[in-house]
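**Student:** Below are the sequence and a predicted model for it; my questions follow.
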Amino acid sequence: MTISWLQAALLGLFACLSSMPGLGGTSFGNYTLGRPLIGGLVCGIILGDIKTGILVGAAMQVVYIALVTPGGTVSADVRAVSYIGIPLAMVALNSYGLSAATKEGAALATSFGTMVGTLGTVLFYGTATINLAWQHVEKGDYHKLYLVDMVLPWISHILCSFIPALIMCKLGADVVELIKTTLPMDGLAMKTLFTVGSLLPCVGIAILLKQIVTKAVDFIPFFFGFTLAASMGINLVAATVIAGMFALINYKLKMLQNQRVAAPAGDFDDEDEEDI
């Protein structure tokens, strides 16, 4: 698999749209296009292998499933993971002849994503630093707010998102081939990479559990999901769809519960006002 300049340019454009604070908007850009699960689909469409793109994106999403940015502090940049790490991982899988659906393929993909995600923090802070140059607006000169918010940030995003993604995606394919030649599949380095890569999803899941588990009973849905996945033999994509359905059902039940609690309270208040 090779990446053309046009494909690399498209990947760079999506890296710009998904970068924080996000030229595509916070909700659509950072929290949608910037997620590896969505980025895998986009990369798969651009590179012509949708199945591999989705599987690689799902594997990387598990690692960063609980990533938060408190106060703008980031430990890894998922924009770089999605639009640099995923394409390079797809090239690496193709080069080594591995399937993204296998344990070895998922481990290799997560390893590439983690390496690029850590490097991406430099690009993230570079974007934020350059944006400081045009944050000052003179008193009463409010017509410049649109320029500062929507136009000038393209400069920093082109410098710290588009160009790095363009170069790394285009030239990275040759580096992957060099890695393949230097590090054979049965070598110690690749075996170590597979081992570390297979453990990385545990980090994301552990961080997520630390955030959502407040009592012992909260572990029940977690263990139920693992049991369901193991008994049905489903992959990460199918597990995501099933989990999304359960999340939707839970959301609907919570909304109905809130409506039932709010309705009597409202009627009671109205009757009290009429009696007064």
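**Tutor:** Done, it's in.

**Student:** Just the C-alphas of stretch 5-18, formatted as PDB.
**Tutor:** What follows is stretch 5-18, C-alpha atoms only, in PDB (Å, rounded to 0.1, in the frame of the first residue of the first chain):
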ATOM      1  CA  TRP A   5       0.400  13.200  -2.400                       C
ATOM      2  CA  LEU A   6      -3.300  13.800  -3.000                       C
ATOM      3  CA  GLN A   7      -4.300  11.200  -0.300                       C
ATOM      4  CA  ALA A   8      -1.700  12.700   2.100                       C
ATOM      5  CA  ALA A   9      -3.200  16.200   1.400                       C
ATOM      6  CA  LEU A  10      -6.700  15.000   2.200                       C
ATOM      7  CA  LEU A  11      -5.500  13.400   5.400                       C
ATOM      8  CA  GLY A  12      -3.800  16.700   6.300                       C
ATOM      9  CA  LEU A  13      -7.100  18.600   5.600                       C
ATOM     10  CA  PHE A  14      -9.000  16.300   8.000                       C
ATOM     11  CA  ALA A  15      -6.200  16.700  10.600                       C
ATOM     12  CA  CYS A  16      -6.900  20.500  10.400                       C
ATOM     13  CA  LEU A  17     -10.600  20.100  10.700                       C
ATOM     14  CA  SER A  18     -10.400  17.900  13.700                       C
END
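
**Student:** List the contacts of Gln61.
**Tutor:** By C-beta atoms under 8 Å, 6 or more residues apart in numbering, the residues touching Gln61 are 35-37, 40, 236. All C-beta atoms are positioned from the backbone trio N, CA, C, and that covers glycine.

**Student:** And the helix or strand hosting it, what's buried?
**Tutor:** Assigned by DSSP states H and E, Gln61 falls within helix 50-63. Residues 52-63 are the ones in helix 50-63 that count as buried (16 or more other C-beta atoms under 10 Å).

**Student:** from the chain's centre, how far out does that helix sit?
**Tutor:** Averaging C-alpha positions (C-alpha atoms, centre = their mean, to the nearest Å) puts helix 50-63 10 Å from its chain's average.

**Student:** Skip ahead from it and say which helix or strand is next.
**Tutor:** Taking DSSP H and E, what comes next after helix 50-63 is helix 78-80.

**Student:** for the record, mean pLDDT for the next helix or strand along the chain from that next one?
**Tutor:** Moving toward the C-terminus from helix 78-80, the next helix or strand (DSSP H and E) is helix 86-96. Helix 86-96 carries an average pLDDT of 84.

**Student:** got the angle between helix 86-96 and helix 50-63?
**Tutor:** With axes from the mean of the first three to the mean of the last three C-alpha atoms, to 10 degrees applied, the angle from helix 86-96 to helix 50-63 works out at 120 degrees.

**Student:** list the buried ones in helix 86-96?
**Tutor:** 86-94, 96.

**Student:** ok, residues contacting that helix?
**Tutor:** For helix 86-96, contacts defined as C-beta under 8 Å, 6+ apart pick out 1-3, 11, 36, 39-40, 43-44, 46-47, 49, 52-53, 56-57, 60, 99-100, 105, 108-109, 112-113, 116, 168-169, 172-173, 176-177, 179-180, 185.

**Student:** Can I have the buried ones of these as a PyMOL selection?
**Tutor:** Entered in PyMOL, the line below selects the buried ones among those, by 16+ other C-beta under 10 Å:
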select buried, resi 3+11+36+39+40+43+44+46+47+49+52+53+56+57+60+100+105+108+109+112+113+116+168+169+172+173+176+179+180
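
**Student:** any idea of the pLDDT on Ala9?
**Tutor:** Note for Ala9: predicted pLDDT of 91.

**Student:** What distance do you get for the residue nearest the centre of the chain to Val42?
**Tutor:** The centre of the chain sits closest to Arg35, judged by C-alpha atoms, centre = their mean, with a distance of 2.5 Å. Distance of Arg35 to Val42, given as C-beta to C-beta, to the nearest Å: 10 Å.

**Student:** Overlap of the contact sets of the two?
**Tutor:** Ser82.

**Student:** Sketch out the low-pLDDT regions of the stretch 1-150 of the chain for me.
**Tutor:** 20-25, 66-76, 136-142 (pLDDT under 70).

**Student:** before we move on, back to that, pretty sure the residue nearest to the centre of the chain contacts Ser82?
**Tutor:** Yes: taking contacts as C-beta atoms under 8 Å, Arg35 lies within contact range of Ser82: 6.9 Å.

**Student:** Cool, thanks, talk later.
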